[in-house]
Structures are given as structure tokens and as C-alpha cells.
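Participant: structure, please.
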Amino acid sequence: MRVGIFGGTFDPPHVGHLILAEECRTQLRLDRLLWVVTNQPPHKLDQTLSPVEKRVEMVQLSIAGNSHFELSRVDIDRPGPHYAVDTVRLLQEQLPEAELFYLMGGDSLHDLPTWHEPQEFVERCAGVGVMRRHDDQVDLRSLEQVLPGLTKKVAEVEAPILEISSHQIRQRIINGDGYRYYLKQEVYEKICEWGLYRSR
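Facilitator: Alright, predicted model coming up:
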């Protein structure tokens, strides 16, 4: 079974996330795609995030109706910091028969040598699905010298360039700009109900 790991803070999850996730699922022939909501990622310790259970609920609303998508609490129900290598290790224990494909952007691939225990991370992944923008400059040859075995595991995912980000949506809400169609309707309604992001 081929299982994708799609991690993020998802604050909030938007249509861009859904499109990228589905492109990864179909192009990498994944049987399941796990949405891994990160409670407090090490590289965002200086940021104030929405309560994790609110983000979990928004993800569940976003992925409802897609039988291939499911929420994983692997990074929620344990203390931090939450490193990718630990996430993969725990999912291997939970899904011993699965081939795990970690999904990331080109910028993350470029920074991979700076991650926590990057060599073990590469070795534990069956594949690394990379969603690249046209302007991403990634030198795989140089990365291979630092992380042997990486090149054969990288699979590029062709995806549309979507200039949508969670940060942008939060800023639009603060500014009073329109944002409704950046999100699934159920997520938009929940954000309105909670008054989320308005106080930032």
C-alpha cells in the first residue's frame, strides 16, 4: 500500500492544499493520503497558531467526501518538537506494510540537509514527492552528495501554480478583504462562526 504524508499547520486549510494533495495522490498512485496536522512545528515556534483542535476540525471539513484522504493525529497526540523523521518513524510502526511517501515543496527539498536527522529521514521514506514551482532552484546533484540515496527517491509532482497561502488568507480576514472562495464552504462558515483570525 502506497501512503502519502501531507503535513502542515493548515491554519487554515484551503483549496490550494486540496488541489496539491489530489495531484500528489493521482500522480504518485497513492492508495491513501494522510493529512498530518502539526501542532507546533520547530520552524514556527515564534508564530501564534490557532488551537490545534480547531485546525483539525477545519481539515476534517476540507477532506470530507474523499475516501482517499484521512486525518492523522500522529503529530497531535504526542509532545513536541515534531520532526519529520519522528513522524515517519511512528507511521511506519502504525502502518508496517505501507510504503510511505513524504510530500513537500521544492523549498523544503532545498533545505532538507538542515532538517533533524535528514539521512535517517531519507532512508525511512519509500519516496519523496516534491511539488515544485517553476522558479524553484534545486540542485539534486549537490543534495545527493550530502544525503546519499535521495535522488532515486525524489518524484516530482506536476501541479498548477496557485498563489494561495494560509498566511494570505489570514491577512485578508484581518484586512476585511474577500476570502470566501479560497476555502471549502464548510471551512469558510466555521471560520465565520468562530470569528477566527480577526483578533490578530
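
Participant: where do the helices sit along this protein?
Facilitator: Taking DSSP state H to define them, one finds helices in the chain at 15-27, 52-63, 84-94, 106-111, 118-124, 140-146, 166-175, 185-194.

Participant: the fourth one packs against which elements?
Facilitator: Which is helix 106-111. Of the remaining helices and strands, those touching helix 106-111 by 3 or more C-beta pairs under 8 Å, 6 or more residues apart in numbering; DSSP states H and E are strand 127-131. Glycine gets a C-beta too; all of them are placed from N, C-alpha and C.

Participant: output the strand it packs on as PDB, restricted to C-alpha atoms.
Facilitator: Extracted as PDB, the C-alpha positions of strand 127-131 are listed here (Å, rounded to 0.1, in the frame of the first residue of the first chain):
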ATOM      1  CA  GLY A 127       9.700   8.200  -1.800                       C
ATOM      2  CA  VAL A 128       9.700  12.000  -1.500                       C
ATOM      3  CA  GLY A 129       7.000  13.700  -3.600                       C
ATOM      4  CA  VAL A 130       8.200  17.200  -4.500                       C
ATOM      5  CA  MET A 131       5.700  19.800  -5.600                       C
END
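
Participant: contact partners of it?
Facilitator: Residues outside strand 127-131 that contact it (C-beta atoms under 8 Å, 6 or more residues apart in numbering): 4, 20, 23-24, 27-28, 99-106, 109, 122, 138, 150, 153-157, 159.

Participant: now the residues you listed: which count as buried?
Facilitator: Burial by neighbour count, judged by 16 or more other C-beta atoms under 10 Å, picks out 4, 20, 23-24, 28, 100-106, 109, 122, 138, 150, 153-154, 157, 159 from the contacts of strand 127-131.

Participant: give me phi/psi at the residue of the chain positioned farthest from its centre?
Facilitator: Distance from the centre of the chain peaks at Gly176, with 27.0 Å (C-alpha atoms, centre = their mean). The phi and psi torsions at Gly176 (degrees, to the nearest 10) take the values phi 80, psi 20.

Participant: from Gly106, how far off is it?
Facilitator: Taking C-beta to C-beta, to the nearest Å as the measure, Gly176 falls 33 Å from Gly106.

Participant: repeat for Met1
Facilitator: When distances are taken as C-beta to C-beta, Met1 and Gly106 turn out to be 27 Å apart.
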